[in-house]
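Engineer: I'll drop the sequence and a predicted model, then ask my questions.
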Amino acid sequence: MFFNDWQTLARTLVVGVLGYVALVFLLRISGRRTLSKMNAFDLVVTVALGSTFATLLLNRNVTLAQGSLALALLIGLQFAVTWSSVRLGWVKRVITGEPALLFFRGHYLPDALRKARVTEDEVRAAVRARGLDSLADIEAVILETDGKFSVIQGQFDRPHSSLKGIRTPGPADPGLAGKGRQPRER
């Protein structure tokens, strides 16, 4: 239970060092994006890399070559998907989804809250976490594709708004997107 033999420990040491070198090498040639946690897909790949490395270290039935190939495969697939998502809009939408506008100019958006499975209490908690005490100061609260809340203050009708690409209610009906009116693309 506490100790099998020296050969097992030596294997773990050698495979661990070589596997680590292989992982670092693969990550360096694939670029910074491989380990980013920009969305749920990136998080899954990061967790899968850790799981694969742990299996390589602890399972004596997995050779260094098999483990390194598995790591290379995950990194290669991550590279291919992210490369495609930058160039093809439909791949990006399938992989990352779209941010969800939950609160806009003083109004909760009930349909968006329901679809995102978020409560008004969670939106208020996100506002409080930002150190704000009044929803009147908030332009928008957005559930990002990585699961984090973005809280935007002030009026952002300027051309370089961070709300660009977020579907917002039309100017005549702020906050009414969940009541039969179609949101518009900013």
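Structural biologist: Sure, I can see it.
Engineer: which residues are in contact with stretch 35-49?
Structural biologist: 23, 27, 33-34, 71, 74-75, 77-78, 81, 95-97, 145-147 (Cβ atoms under 8 Å, 6 or more residues apart in numbering). Using the backbone N, CA and C atoms, a C-beta is placed for each residue, glycine as well.
Engineer: typed the wrong thing, it's stretch 14-27
Structural biologist: Contact with stretch 14-27 is made by Thr34, Leu35, Leu49, Phe53, Leu56, Leu57, Leu64, Gly67, Ser68, Leu71, Ala72, Ile75, as judged by Cβ under 8 Å, 6+ apart.
Engineer: and if you look at stretch 75-89?
Structural biologist: Against stretch 75-89 from outside (Cβ under 8 Å, 6+ apart): 26-27, 30-31, 33-34, 41-42, 45, 49, 91-92, 95-96.
Engineer: what residues of it count as buried?
Structural biologist: By neighbour count on 16 or more other Cβ atoms under 10 Å, the buried set for stretch 75-89 is Ile75, Gln78, Phe79, Val81, Thr82, Ser85.
Engineer: which of the contacts of stretch 35-49 are buried?
Structural biologist: By 16+ other Cβ under 10 Å, the contacts of stretch 35-49 give Leu23, Thr34, Leu71, Leu74, Ile75, Gln78, Val81, Ile95, Thr96, Thr145, Asp146 as buried.
Engineer: quick one, what contacts the second one?
Structural biologist: Just to be clear, that refers to Thr34. With contacts defined as Cβ under 8 Å, 6+ apart, Thr34 is in contact with Leu27, Val45, Ile75, Gln78, Phe79, Thr82.
Engineer: in helices, which of the buried ones among the contacts of stretch 35-49 appear?
Structural biologist: Among the buried ones among the contacts of stretch 35-49, the ones falling in helices (DSSP state H) are Leu23, Leu71, Leu74, Ile75, Gln78, Val81, Ile95, Thr96.
Engineer: among those, which one lies nearest to Phe2?
Structural biologist: Leu23 (28.2 Å; Cβ to Cβ).
Engineer: lowest-confidence helix or strand of this structure?
Structural biologist: The helix or strand of the chain with the lowest confidence, counting by mean pLDDT, DSSP states H and E, is strand 184-185 at a mean of 46.
Engineer: shaky segments in the protein?
Structural biologist: Applying pLDDT under 70 to the chain picks out residues 37-38, 155-165, 168, 170-186.
Engineer: if we go to 50?
Structural biologist: Where the chain drops to pLDDT under 50, the residues are 174-186.
Engineer: ok, which stretches of it are strands?
Structural biologist: 100-104, 107-108, 138-143, 149-153, 167-168, 184-185 (DSSP state E).
Engineer: care to break the chain down by domain?
Structural biologist: For the chain, automatic domain parsing gives the domain ranges 6-95, 98-185.
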